[in-house]
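Trainee: next one to model:
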Amino acid sequence: MAVSTRGLLIVGAGAIGAALLLSVAGIATGRMAGWSMGAPGEMMGRVFGGGAGDIGMDRAVEIAQERGASYPGGSLAADEVIEFSNNYYASIREKATKIGAFEILINRTTGNVIREPGPDMMWNAKYSAMGGGMMGSFGVTGSGPMTVTAQQAQDIAQHWLEANQAGTTAKSPDPFYGYYTVDFTRTGQLVGMLSVNGYTGQIWYHSWHGSFIQLRDLGA
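Mentor: Next comes the predicted model:
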């Protein structure tokens, strides 16, 4: 299936691991427009959608904190946990630098954890679970300081939102190694998130979360 929106071409592609399928979006004109990539919400809904029971926000926070603390050296901590209808999302951050290390999804029913598909697996220049190999040219796209600034990333995100999520506003980007993750709101309420590649300006929309429910800021 292909969907075209102001030059944005989305086409199916590839797989991540044995459990998750991703769709890879094609090229939009211009460096600041970049690419847009997404994963089908239906597939992610099957993996992370509701089932019999729910672990609840408190348990999701515990799981995220355990995952951050388990990293060798004790240098990482969970920064926030967001409850969506399909999953719990958590960002794990470096304590010293405050730069994001990686992002995880927590199954609402079982509490099982995986690395978030998309940017975290394939653009993460320091903590990538993929190593840039399995997906070839869609792996890590740069090294060293990011060439796209935080303000440019926010502007890129806002431009994409105006074309694809009318009435939403990009918040200040969260820096990770190799990319930024940007929450966006509608009338002050968090709606979803996308990521912007820190070297190319490519956009990856996080289409797998479902509807926003609540956020717990852990202040890491």
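
Trainee: any idea what residue 174 is bridged to?
Mentor: Residue 174 has these beta-bridge partners by DSSP bridges: residue 181.

Trainee: that one reaches residue 102, doesn't it?
Mentor: No. With contact defined as CB atoms under 8 Å, residue 174 and residue 102 do not form a contacting pair (11.9 Å). C-beta here means a position set from N, CA and C on the backbone, and glycine is covered the same way.

Trainee: spell out which residues are contacts of both of the two.
Mentor: Shared contacts of residue 174 and residue 102 (CB atoms under 8 Å, 6 or more residues apart in numbering): residue 91.

Trainee: which stretches of this protein form helices?
Mentor: All helices of the chain, identified by DSSP state H, fall at 41-48, 56-69, 119-122, 150-164.

Trainee: tell me the most buried of these?
Mentor: Among the helices of the chain, helix 119-122 has the highest mean neighbour count (mean count of other CB atoms under 10 Å), at a mean of 27.

Trainee: check the offset of that helix from the chain's centre.
Mentor: Its chain's average C-alpha position is 8 Å from that of helix 119-122, according to CA atoms, centre = their mean, to the nearest Å.

Trainee: show me what that helix is packed up against.
Mentor: strand 100-106 (3 or more CB pairs under 8 Å, 6 or more residues apart in numbering; DSSP states H and E).

Trainee: mean confidence score for the strand it packs on?
Mentor: The average pLDDT within strand 100-106 is 97.

Trainee: low pLDDT regions in the chain?
Mentor: Low-confidence segments of the chain (pLDDT under 70): 1-52, 130-142, 220.

Trainee: try it again with 80
Mentor: Residues of the chain meeting the criterion pLDDT under 80: 1-53, 128-143, 220.

Trainee: any chance you could map the strands in it?
Mentor: Using DSSP state E, the strands of the chain run over 3-5, 8-16, 20-25, 36-37, 76-84, 88-94, 100-106, 113-115, 169-170, 174-176, 179-186, 189-197, 203-205, 212-217.

Trainee: picking up where we left off before, adding distance to residue 106, write the helices of the chain out as TSV.
Mentor: Output for the helices of the chain, formatted as TSV (distance: least, CB to CB, whole Å):
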stretch	distance to residue 106
helix 41-48	8
helix 56-69	5
helix 119-122	14
helix 150-164	25
